[in-house]
Structures are given as C-alpha cells and as structure tokens.
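Peer 1: sharing a model prediction with you, sequence too.
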4 protein chains.
Amino acid sequence: MTRRNEASRQAILTAAFDLVGEIGYSKLSVEGIASRAGVGKQTIYRWWPSKGAVLLDALLMTMGGPVGDLPDTGDLEADLRTILFATVEEFRDPRLDGVMRALISEIAHDDGLAAIYAERIDGPVRELKRRRLRAAQQAGQLDPGLDLDTAVDLLWAPLLSRWLLRTGPLDHDFAAATITMALSGMSRKM
Amino acid sequence: MTRRNEASRQAILTAAFDLVGEIGYSKLSVEGIASRAGVGKQTIYRWWPSKGAVLLDALLMTMGGPVGDLPDTGDLEADLRTILFATVEEFRDPRLDGVMRALISEIAHDDGLAAIYAERIDGPVRELKRRRLRAAQQAGQLDPGLDLDTAVDLLWAPLLSRWLLRTGPLDHDFAAATITMALSGMSRKM
Amino acid sequence: MTRRNEASRQAILTAAFDLVGEIGYSKLSVEGIASRAGVGKQTIYRWWPSKGAVLLDALLMTMGGPVGDLPDTGDLEADLRTILFATVEEFRDPRLDGVMRALISEIAHDDGLAAIYAERIDGPVRELKRRRLRAAQQAGQLDPGLDLDTAVDLLWAPLLSRWLLRTGPLDHDFAAATITMALSGMSRKM
Amino acid sequence: MTRRNEASRQAILTAAFDLVGEIGYSKLSVEGIASRAGVGKQTIYRWWPSKGAVLLDALLMTMGGPVGDLPDTGDLEADLRTILFATVEEFRDPRLDGVMRALISEIAHDDGLAAIYAERIDGPVRELKRRRLRAAQQAGQLDPGLDLDTAVDLLWAPLLSRWLLRTGPLDHDFAAATITMALSGMSRKM
DNA sequence: TAATAAACGAGACGGTACGTCTCGTCTTACA
DNA sequence: TGTAAGACGAGACGTACCGTCTCGTTTATTA
C-alpha cells in the first residue's frame, strides 16, 4: 500500500508541464521542477526513474482520461480530414509542441520510455485509428487485404515527420493531400 | 581568411562521431570530444556554436561528398524497393543509429540546426527523391497532378516514424507494404 | 509513567556503539542507527535530543555501573601509575577510541551535552580522583595548600592532549614521566 | 606549476573563517563557503581535501607569519605567566574559539589533518616553547634531566582540557596555579 | 474482558548539503 | 599569435540524511 501524496504528484506534473513550455526541455531540470512544485527532489526520484518519465506522466495527465471513439459518419475521407486536421492543430498548439518534442527526443534515446510510450499512449490511440479503418474496411471502402498498422503509419507519419523536422509546411492542405494520396494511391489513374 | 587548423577540425569531427557511437549522445560532452581529439575546448567553441553542430558536421564528413542519382530502371516500384530497403539498412546500422537519433533530437529543439539540416542534408536528398518521382510522372507512371513533396513524405515518413518511435518492426516487409499501399492507394479496387 | 520499550532502547544504544566503531562518528546517522537497531527513526527522536546524546548514553551503558574507589596502597606514586596506565590502555582500546573521540567533539560544540557529560561522567570520575589525592594530602604526602581540581588536570590533561591531538606518543613512559614531573616539579632540585 | 587564482584562495579562506564565527562549524558547508566567497564549489574541492583543511588554512592565514620568540626576561615563572595568560586570552577570544574547536574536532577524527596540524601549527609553536624551557634549563632553573616535550604538555594541556571540555573555569588564576604546581611539584615540601 | 491510548515499525515528506560532472568563459605557457 | 591545457563561476546531477509527519500495528493499562 502506497502512502503517496497525491497533491505532490499533481504539483510535480503541473510544474513539469508548465516549465517545459516556458524554458524548453534542455533547460528543464529536476531541481527546477522540484522547486516550482514546492517539493523535495527525492520525492521526484522516488516515483519516477527519469525526467522523461515525469514528462510522459504530465502529458498523460493533461491529455485527460481515455479518449472516446474517432468520428464515423460513414464518409471515411471526410472523417479522416476531421481527425488529421485536429492532429495538425495539436502539433501546432504551442502548449503541447514543446512537451511533445521533448518526449519524442527522450523516447528516441530511452528504450524503457519508448516501451511505456508504446503501451500507454501510442497503443490506445493507434487502436482507435485501426478501429476506424477496420470499420471502413468492413463497409467495403478500404481494400480488404490492407495491413491496418501500415495504413495508420501511411496516414499519420507524414504529419509527424513535417512537425518534427520542419522540412515543410504543416497545415490542413498538407493533411488533405496526404489523405487523398494515401486513399487513391500515387499511381496514374487510367 | 581563416587560419583554421584543418588537422584539429578532422580530429574533432572524428572524435565526436566515434564517441557518440561509443557512449551515446547524452553522455557526449565537449570536454570528452576535446580530450579525445587532443584539442583545447576553446578550439571547439571557436568554430562550432553547439554540440549538435559538431555532430552534424561529423555526419556530413562521414557521409562523404554529394550522393549520385537514385536508380532509374524504368520500373518505379522495383526502384523504390531498392531505395527504401537501403534506407531501412541505414536506419538499422548501429554505427549510424545513435548519431542520427542524436541529431534528430537536436534538430527537434534547435531551429538553427533544423535550418542547416534542411539545407545541407534533407534538401539535396529530397531533391534526388523528387527527381526520381518526377521521371516516373513524366513516364506516365504517376498521377500528373501529384505534389511530389507530399509524395516523398508519404513514402519515407513511415520509415522514419517506426525507426524513431519503435512503434512497430522496421524491415523490408514494412517498406514494401508502404510502397505498395502508397502507389495503389488504400481504397478498395472495384 | 512511560511505556518505553526497553528492548528498543538497548538495541539503539548497542547499534549506536557498534556503528561508531565500524564507520566512525562522521558517517554515523540516525537513519543508520534506526535501521541497524530495527527501530523507527521516531523512536530515537522521541527519547534523545541528538546523535551525541545517544552516543553518550551508549557509552554510559557500556561503562557499566558506578566504578569503585581508586586503589590506595599508601604509595601515591605507585597508585597513580596503576591508574594512569589503565587510562592509557582505555585511550588505546580501539573499541573505545572512536566513541570517545566522537563524544569529545560533540561536547566541544554542544553546551547541553557538555553539561550532561560534566554531570554524568566527568563529575563522578573526577570526584574519585580528588578523593585519592585528598587521602594523600591528609597522609602528608601532598602539599596541604594544593587545589585538587588543578592537580587532577595537571595529571590527566597531558594524556588527553596526546591522545586527542596525536602530538606525541601516548604510552606508559609518558604517563610515568608526567607523574614524576607533576609530583616533584620541574624546577631544579638543589 | 599551478595557475591558481590567488584572489579566489583569499576569498575562500576569509569566507570560511568568517562563516565559522557566524554560524558555527556544524552549520558550515562547502556550498556556503563557495557562495559567500563568490566561487564555484569545484574550486574548493580542487584545492582542499576537506572542510577541515580549508579551516586549517584559514587559521594559518589569520595567524599570520612565523611568530617571534617567546619572552625571556630571565624570570621563568613570570615569563610563563605572560605566555599562558596570553594563551588563555586566545582561547577565550570568541573569534578564535569557534574555529579552534572546529579544527580540534576535525583533527581528532582525521589523521591526515592531524599530521598537517602537527607539522604546520603544533610543531613550530612547540619548538618555541621547548626553546624557552631549554634556556631555563641551561640557566640552571629547571631540572637538567627534564624531558622538555613532557614539560610542555604538563604546562599547556590543562588549559586545553578546561577550554575544550568546560570542566572548570579557564582563567588567569587557573593558569597561575598550573604554573606554580608544575614548577614546584605537588609533593609536600619538607 | 474489552476499549483505549501510548509507543512502536515503517517510511513519505520538504529540505539541505554532499561530492561529481559538465557547461561555456577566461587565463597562462609554449611553440 | 594561436593553441593545448586547464582553472574558473555556475549550477544540475543523483544520493544521503535531516527532523517532522502520518500510517496501521502492537502492547498494556484502565474502565
């Protein structure tokens, strides 16, 4: 049985989230989080293995509870636009941008964190995406032989890539073009 | 005219590249690079603004001169397999994996570095990819209305995503599936 | 009326005494004592005001009950040798050396502890020494005008000084020389 | 050859000396010294092995250069009074009391420090004391067979003991009584 | 023979300081 | 005069303990 102080936990996550937005991940320090949260450093080290883990929890906290199903109006392309446009907006939200970049960087180096990310964040969200595509598949709108995990990456990875590397504009046009191209294919239509 | 010591420059870049492979980016320090290179710290600070910039130069050095054109046998799908399979191998090369992850992380946070990356690395490579797709377009194999930059992202971003986030296996099968899906589209063929 | 757990008290004093011998006073911690004694920290803080007080009690415990009178064979010089030789042996006992050094240091800084030490340890022992000297005085062996407290210091302080500061060898020869010199005086005998 | 910054050295020693007087040794911290001196912690750790070593150097600094010879008017007892009264005053000087207690405590635990103390402080001072006694010996005032090191301890150790342990008043009377008793001896004069 | 109240073990908490590490700047000696 | 070597002020790292503060869990009277 844990006697963990919930108020401290909240304060730490909030402080971490706020600080990363204010000063950026590279300037973020455990000492800074502890000080801002009014908490001893050991209380952070007691419950989290790394700065990245704190941040991941902070993100989970602000993302709130389990997200509901993705929209399904029967029109796959329209629904994908709705969804990907929202993703674009998330990426462009300055409050989230910093935290997510920081988290992605940590995940890139830390296998343990990557596993937690895969299980707690990517997994559930990916399942929702797969579910929406599976529905379309069953409705006869998508190729029945499609590997849905690859399909998810085909649709979302381009957004991630542009956001992370800034190799081009990340806007609704780009999202729409990605959807169209992914659905119809790049090959010449006869 | 700079009185820059070319031998020191080489030693620094080599040391940086080797060290990042041995101890990882997070343990990499300017002191370590200077010590390994037999160079004063000031010599590094004099010529590079940041650890990331050194690493980027190191990467540019080892990647050697300008890469030649991508293969064009006339069979677009086969050529894309050749190219993306090679990309997969690069991502899986342990010598490159660490450096590239480090660089991507730095780019994610550092706009200046992102600009250099865009200009010196992504730009030239992307131009080669665009050129190969344009040839296919002109040969009537790709939709003439296609935005080639989006097309490049549709093909390569899924690889980047799986490599960086480890959200699924990164192998030739995945690359092949991506190519097929991107070319033919996800929608049901009547 | 206290419901104090005597077993815990014993365990704490024993643990403190043992630990100070093993790791030294500076490494000694309340946490360490509590852990070794299988006791909660609060149980220590409940009954002792400081680490030094625990140690002083530990010393009192191991030194056992009230010491009997000092030997009085009628031959003052011989008796002083017996007594001071025993003191030298105590100082050189490795089991006691550490604890006593620690205690002396604490006393040097902590007035409260100094008072307890004066009352519980130095007082009774000094009284015994005074008593032996007073007997010699009454037997006409010592100068009747002698201040006995000063005399006690003249005899014992040199041992303390050599032991504490290691400014010279602490052995029976030194003790014997001190006794002779103190009894006869340093001045030239005509 | 060192490139040591003399200004920093001075600032550290001064800060250490001042702080120990203000807050006492037990509250004295390396961080505090560094902060007060406007110096990085590493600069302290670079040049001193311990807090005690800093303090010892601080004491050496304030005690200034090599002390001149002790007074020799030909009247040994009067000279000893002059000298021991001055020692009593030093012990009672609040500016020195704290530093010296701290140092003595450290020396009691740290063999290395004890060696430095013996060589740099006790040695030279003891030599001066020995020299004065030797002069008296040659003048026929002291017993020719006297071991001068023991004699020094007989005279000074009682002061040290009373100062350190507070087992009795430390004043000129006590010093005078010690001198008289040490010179004439405790035994009954016929 | 309960009930009740303290002392207990355990250990989380907000803190301070530790001694180490690296940062980016500044200084010195050499070649 | 530029370079290696490295000292410097700064400050974060992760650890160890501090002394305080709950938590349930013994004990051991008191009602």
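Peer 2: Perfect, thanks for sending it. On a predicted model such as this, the values are computed, not experimentally measured, just so you know.
Peer 1: could you use CA atoms for every contact and neighbour count after this?
Peer 2: Fine.
Peer 1: return the distance of A:His172 relative to DNA strand E.
Peer 2: Applying Cα to the nearest atom of the strand, to the nearest Å, the value for A:His172 to DNA strand E is 37 Å.
Peer 1: hang on, that residue packs against A:Val88?
Peer 2: Yes - applying Cα atoms under 8 Å, one finds A:His172 in contact with A:Val88, separated by 7.1 Å.
Peer 1: tell me, how many residues neighbour A:Ile107?
Peer 2: If you count neighbours by other Cα atoms under 10 Å in any protein chain shown, A:Ile107 ends up with 25.
Peer 1: ignore the last one, A:Gly185
Peer 2: Close neighbours of A:Gly185, defined as other Cα under 10 Å, add up to 24.
Peer 1: what does stretch A:81-89 rub up against?
Peer 2: For stretch A:81-89, the external contacting residues (Cα atoms under 8 Å, 6 or more residues apart in numbering or on different chains) are A:Leu70, A:Pro71, A:Trp156, A:Leu159, A:Leu170, A:Asp171, A:His172, A:Ala175, A:Ala176, A:Ile179.
Peer 1: so for that stretch, what gets flagged as buried?
Peer 2: Neighbour-count burial for stretch A:81-89 flags A:Arg81, A:Thr82, A:Ile83, A:Leu84, A:Phe85, A:Thr87, A:Val88 (criterion: 16 or more other Cα atoms under 10 Å in any protein chain shown).
Peer 1: that older thread, and the least confident of the contacts of stretch A:81-89?
Peer 2: Across the set of the contacts of stretch A:81-89, A:Leu70 stands lowest in pLDDT, at 87.
Peer 1: what's near enough to touch that one?
Peer 2: Contact partners of A:Leu70, counting by Cα under 8 Å, 6+ apart, are A:Ile83, A:Leu128, A:Lys129, A:Arg132.
Peer 1: over to A:Pro94?
Peer 2: By Cα under 8 Å, 6+ apart, the contact set of A:Pro94 is A:Gly21.
Peer 1: how about the residues of chain A near DNA strand F?
Peer 2: Taking Cα under 7 Å from any atom of the strand, the part of chain A that reaches DNA strand F is made up of A:Arg3, A:Leu28, A:Ser29, A:Val30, A:Glu31, A:Gly32, A:Lys41, A:Gln42, A:Tyr45, A:Ser50, A:Lys51.
Peer 1: surely A:Lys189 touches B:Gln141?
Peer 2: No - checked against Cα under 8 Å, the pair A:Lys189 and B:Gln141 is beyond contact range at 9.1 Å.
Peer 1: element containing the residue in chain A that chain C sits nearest to?
Peer 2: With Cα to the nearest Cα, the shortest gap between chain A and chain C falls at A:Gln42, namely 15.8 Å. A:Gln42 is part of helix A:41-47 when elements are defined by DSSP states H and E.
Peer 1: which other residues reach that helix?
Peer 2: Helix A:41-47 is contacted from outside by A:Ile12, A:Val30, A:Glu31, A:Ala34, using Cα under 8 Å, 6+ apart.
Peer 1: quick one: buried residues of it?
Peer 2: By 16+ other Cα under 10 Å, the buried positions in helix A:41-47 come out as A:Ile44.
Peer 1: which strands and helices lie in contact with the helix or strand following that helix?
Peer 2: Following helix A:41-47 in sequence order, the next helix or strand is helix A:51-62 (DSSP H and E). Using 3 or more Cα pairs under 8 Å, 6 or more residues apart in numbering or on different chains; DSSP states H and E as the contact test, the elements touching helix A:51-62 are helix A:6-23, helix A:94-109, helix A:111-117.
Peer 1: okay, these, which one's buried deepest?
Peer 2: Of all these, helix A:94-109 carries the top mean neighbour count, a mean of 21, counting by mean count of other Cα atoms under 10 Å in any protein chain shown.
Peer 1: please parse chain A into its domains.
Peer 2: For chain A, automatic domain parsing gives the domain ranges A:6-62, A:76-184.
Peer 1: which residues touch the nearest residue to A:Ser161 once chain neighbours are set aside?
Peer 2: Distance criterion Cα to Cα, 6 or more residues apart in numbering or on different chains; nearest residue to A:Ser161, sequence neighbours excluded, is B:Ala157 at 5.8 Å. Counting by Cα under 8 Å, 6+ apart, B:Ala157 makes contact with A:Leu154, A:Ala157, A:Pro158, A:Leu160, A:Ser161.
Peer 1: how far is the helix or strand containing B:Ala157 from where the chain is centred?
Peer 2: Using DSSP H and E, B:Ala157 sits in helix B:148-165. The chain centre lies 12 Å from the centre of helix B:148-165; the measure is Cα atoms, centre = their mean, to the nearest Å.
Peer 1: keeping just the C-alphas, turn it into CSV.
Peer 2: Output of helix B:148-165 as CSV, limited to C-alpha atoms (Å, rounded to 0.1, in the frame of the first residue of the first chain):
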residue,chain,number,x,y,z
LEU,B,148,5.9,15.5,-55.2
ASP,B,149,7.0,16.8,-51.8
THR,B,150,3.9,15.2,-50.2
ALA,B,151,4.6,12.0,-52.2
VAL,B,152,8.2,11.9,-50.8
ASP,B,153,6.8,12.2,-47.2
LEU,B,154,4.2,9.5,-47.9
LEU,B,155,6.9,7.1,-48.8
TRP,B,156,9.7,7.9,-46.4
ALA,B,157,7.9,9.3,-43.3
PRO,B,158,6.5,5.9,-42.2
LEU,B,159,10.1,4.5,-42.1
LEU,B,160,11.2,7.5,-40.0
SER,B,161,8.3,7.1,-37.7
ARG,B,162,8.9,3.4,-37.0
TRP,B,163,12.6,3.9,-36.6
LEU,B,164,12.3,6.8,-34.2
LEU,B,165,9.4,5.7,-32.1
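Peer 1: now the angle from that helix to helix B:94-109?
Peer 2: Counting by axes from the mean of the first three to the mean of the last three Cα atoms, to 10 degrees, helix B:148-165 points 110 degrees away from the direction of helix B:94-109.
Peer 1: tell me the first helix or strand C-terminal of helix B:148-165.
Peer 2: Sequence-wise, the next helix or strand downstream of helix B:148-165 (DSSP H and E) is helix B:172-184.
Peer 1: buried residues in that next one?
Peer 2: Across helix B:172-184, burial judged by 16+ other Cα under 10 Å covers B:His172, B:Phe174, B:Ala175, B:Ala176, B:Ala177, B:Thr178, B:Ile179, B:Thr180, B:Met181, B:Ala182, B:Leu183, B:Ser184.
Peer 1: give me the subset of these touching chain C.
Peer 2: Cross-checking these against chain C (Cα under 8 Å from any Cα of the partner chain) gives no overlapping residues.
Peer 1: which one among those residues gets closest to A:Ala16?
Peer 2: Taking Cα to Cα as the measure, A:Ala16 sits nearest to B:Phe174 out of these, at 36.7 Å.
Peer 1: please consider this matter closed, and thank you.
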